[in-house]
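> Here is my input, please return the structure:
(one chain, ligands or ions: 1)
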Amino acid sequence: MTVGVLKESDGENRVVLLPEHVAYLAKKSISVMVEKDAGTGAFASNQAYNEAGATVESRADVIKGAEVIFSIKAPEDKIPEGKILISIFSPLTDKALVDKLAKSGITSFSLDMIPRSSRAQAVDVLSSMATVAGYKAVLIAAGSLPKFFPMFMSASGTIKPSRILILGAGVAGLQALATARKLGAVVEVFDVRTAVKEEVESLGGKFVEVEGSTDDSSAGGYAVEQTEEYKKKQGELIHERASHADVIITTAQIPGRKAPLLIKKDTVEAMRPGSVIVDLAASTGGNCELTADNKQIVHHDVTIIGNSGFPSTIPSDASKMLGKNYLNFFELMIDEEGKINLDVEDEIVQNTCITRKGEIVNERVKGDLTN
Ligand code: NAD
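Prediction:
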């Protein structure tokens, strides 16, 4: 069997498999075709892929020759019927793409649909990329702030530590907390899920609590829409804490929906001059009213950085993590001889399989598309 690795479009530095992952597949007698220059952005040369046992080919030859195609974004190319595509393509929101994949007759998997179970952790591309994003958000904030993060006591006087407010204590928020603490900042964290309080405290953060949040045990650990009364209380508290913060990092998301609006314009205007907001929810509308996706703006002397693309800025390690996630996923669909053996009853396969035999087969996607 042959796996094909495609080069991503411009602006994406990650590659879905590195040479080290190719060597792992070679041990299972699975050959790998890599599109020429696919690894350039992640510092993996064509020669390194060759040395690991892959063949380096044109895009057309990879699409024609590989039975299974790996990519980060779903390719726009026409993929011949019967092939398998493993990718990350937001099927809950991109209806046109899902229809196109169904019509083409390929079996497609979108790894952003993995269930958030313990067994699925090794396949969880959302978690691995959120780890990268949370870490990088703090470094970007530290680099943009006109102040130090840690406290300094020296003959030149005492410098107070910076105060960081993190909104959303999921994987990205907790990684941002850990990174900001390592740099010596004082960190406060807010989340509608009060269950994360202990985790926040164990990482050295202070949990900012708003009473009366709505939890839904059927939401798989995810946040759900809150009542208007709660949102009002939350808005007032965030406004108050924001006015004391030097940096705000926002990570709050609700799967399949627009990101919740947590920082209004007047809150930005209440922040100290020179403060920085890094909005990781920028691609789903942003948690800050003034966020512009993929842009850095300044309002009232507050810098607002809207960026959901940080994983591509740490391409070597992000690709290393992604490659491991993809291989762990692929292992679920092959037998001991390295041949495809799809168990459609498997929870992870079922959640991620979007199209098959010309149809949309994913229940969540079918439900959302008909709503
Ligand atoms: P996410 O990216 O969907 O959201 C980030 C955070 O924003 C979440 O903590 C969410 O509660 C919070 N949020 C949403 N609306 C908010 C609001 N209005 N105000 C403040 N905060 C708000 O989250 P994620 O990082 O993907 O994690 C979601 C859940 O999945 C968590 O419970 C996490 O522990 C769990 N998880 C489980 C696994 C696993 O077991 N395989 C892996 C990763 C995450």
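> hey, let's count contacts and neighbours off CA atoms from now on
Will do.
> Convert the longest helix along the chain to CSV, retaining C-alpha atoms only.
The residue-count maximum for a helix in the chain (DSSP state H) belongs to helix 125-144. Below are the C-alpha coordinates for helix 125-144, written out as CSV (Å, rounded to 0.1, in the frame of the first residue of the first chain):
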residue,chain,number,x,y,z
VAL,A,125,-4.9,17.0,16.3
LEU,A,126,-7.0,19.7,18.0
SER,A,127,-5.1,19.2,21.3
SER,A,128,-1.6,19.0,19.8
MET,A,129,-2.1,22.1,17.7
ALA,A,130,-3.8,24.0,20.6
THR,A,131,-0.7,23.2,22.6
VAL,A,132,1.5,24.9,20.0
ALA,A,133,-0.9,27.9,19.7
GLY,A,134,-1.1,28.5,23.4
TYR,A,135,2.7,28.4,23.8
LYS,A,136,3.3,30.7,20.8
ALA,A,137,0.6,33.2,21.9
VAL,A,138,2.5,33.9,25.1
LEU,A,139,5.8,34.3,23.3
ILE,A,140,4.2,36.7,20.8
ALA,A,141,2.5,38.7,23.7
ALA,A,142,5.8,38.9,25.6
GLY,A,143,7.6,40.1,22.5
SER,A,144,5.0,42.8,21.8
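> Show me what secondary structure element comes after that helix.
Downstream of helix 125-144, the next assigned helix or strand under DSSP states H and E is strand 152-154.
> Can you list the neighbours in contact with the longest helix of the chain?
111-112, 121, 148-149, 171-176, 179-180, 247, 249, 276-278, 280, 308-311, 314, 318, 321-322, 325 (Cα atoms under 8 Å, 6 or more residues apart in numbering).
> So for that helix, what gets flagged as buried?
125-138, 141-142, 144 (16 or more other Cα atoms under 10 Å).
> Next, see if that helix gets close to the ligand.
Yes. Judged by Cα under 6 Å from any ligand atom, helix 125-144 and the ligand are in contact via Ser127.
> cool, and stretch 199-207?
No. Using Cα under 6 Å from any ligand atom, we find that stretch 199-207 stays clear of the ligand, coming within 9.7 Å at best.
> Quick one: end-to-end distance for that stretch.
One end of stretch 199-207 sits 9 Å from the other (Cα to Cα, to the nearest Å).
> what's that stretch in contact with?
169, 174, 177-178, 181, 186-190, 197.
> Closest one of the residues you listed to Leu6?
Leu174 (32.0 Å; Cα to Cα).
> ok, so what distance separates the closest one from the ligand?
For Leu174, the distance to the ligand equals 8 Å [Cα to the nearest ligand atom, to the nearest Å].
> If we ignore the residues flanking it in sequence, what's nearest that residue?
Among residues not flanking Leu174 along the chain, Val200 sits closest, at 7.0 Å (Cα to Cα, 6 or more residues apart in numbering).
> Check the burial of the one you found by counting its neighbours.
23 (other Cα atoms under 10 Å).
> That one: what secondary structure?
helix (DSSP: H, G, I helix; E, B strand; the rest coil).
> partner residues bridging Thr55?
Met33 (DSSP bridges).
> Can you read off the pLDDT for it?
On the pLDDT scale, Thr55 is placed at 98.
> contacting residues around it?
32-34, 49.
> Equivalent analysis for Ile305, please.
Contacts of Ile305 (Cα under 8 Å, 6+ apart): 276-279, 291-292, 294-297.
> Which one of these is nearest to Gln226?
Taking the contacts of Ile305 together and measuring to Gln226 by Cα to Cα, the closest member is Asp279, at 20.5 Å.
> The ligand versus the closest one, what's the distance?
From Asp279 to the ligand the distance is 12 Å (Cα to the nearest ligand atom).
> That residue against Gly306, yeah?
Yes. Asp279 lies in contact with Gly306 (Cα atoms under 8 Å); the separation is 4.8 Å.
> residue ranges of the helices in this protein, please?
According to DSSP H, the helices that the chain contains are 19-27, 46-51, 59-65, 95-104, 125-144, 171-182, 197-202, 228-242, 265-269, 315-331, 347-352, 363-370.
> Would you convert those into a markdown table that also reports mean pLDDT?
Formatted as a markdown table, the helices of the chain follow (pLDDT from 0 to 100):
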| stretch | mean pLDDT |
| --- | --- |
| helix 19-27 | 92 |
| helix 46-51 | 98 |
| helix 59-65 | 98 |
| helix 95-104 | 95 |
| helix 125-144 | 98 |
| helix 171-182 | 98 |
| helix 197-202 | 97 |
| helix 228-242 | 91 |
| helix 265-269 | 97 |
| helix 315-331 | 97 |
| helix 347-352 | 96 |
| helix 363-370 | 77 |
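> and the ones you listed, which is most packed in?
The highest mean neighbour count among these, using mean count of other Cα atoms under 10 Å, belongs to helix 171-182: a mean of 23.
> just how off-centre is it within its chain?
15 Å (Cα atoms, centre = their mean, to the nearest Å).
> likewise stretch 344-357?
The answer for stretch 344-357 is 21 Å, by Cα atoms, centre = their mean.
> all numbers from here: first residue = 10
New numbering, starting at 10: the last item is stretch 353-366.
> Tell me which residues are up against it.
Taking Cα under 8 Å, 6+ apart as the rule, stretch 353-366 contacts 91, 100, 107, 110-111, 114-124, 129, 341, 351-352, 369-371, 374.
> same thing but 6 Å
111, 114, 116-120, 122-123, 369-371 (Cα atoms under 6 Å, 6 or more residues apart in numbering).
> which ones are touching Phe319?
Applying Cα under 6 Å, 6+ apart, the residues near Phe319 are Ala142.
> Before I go, just wanted to say thanks for your time.
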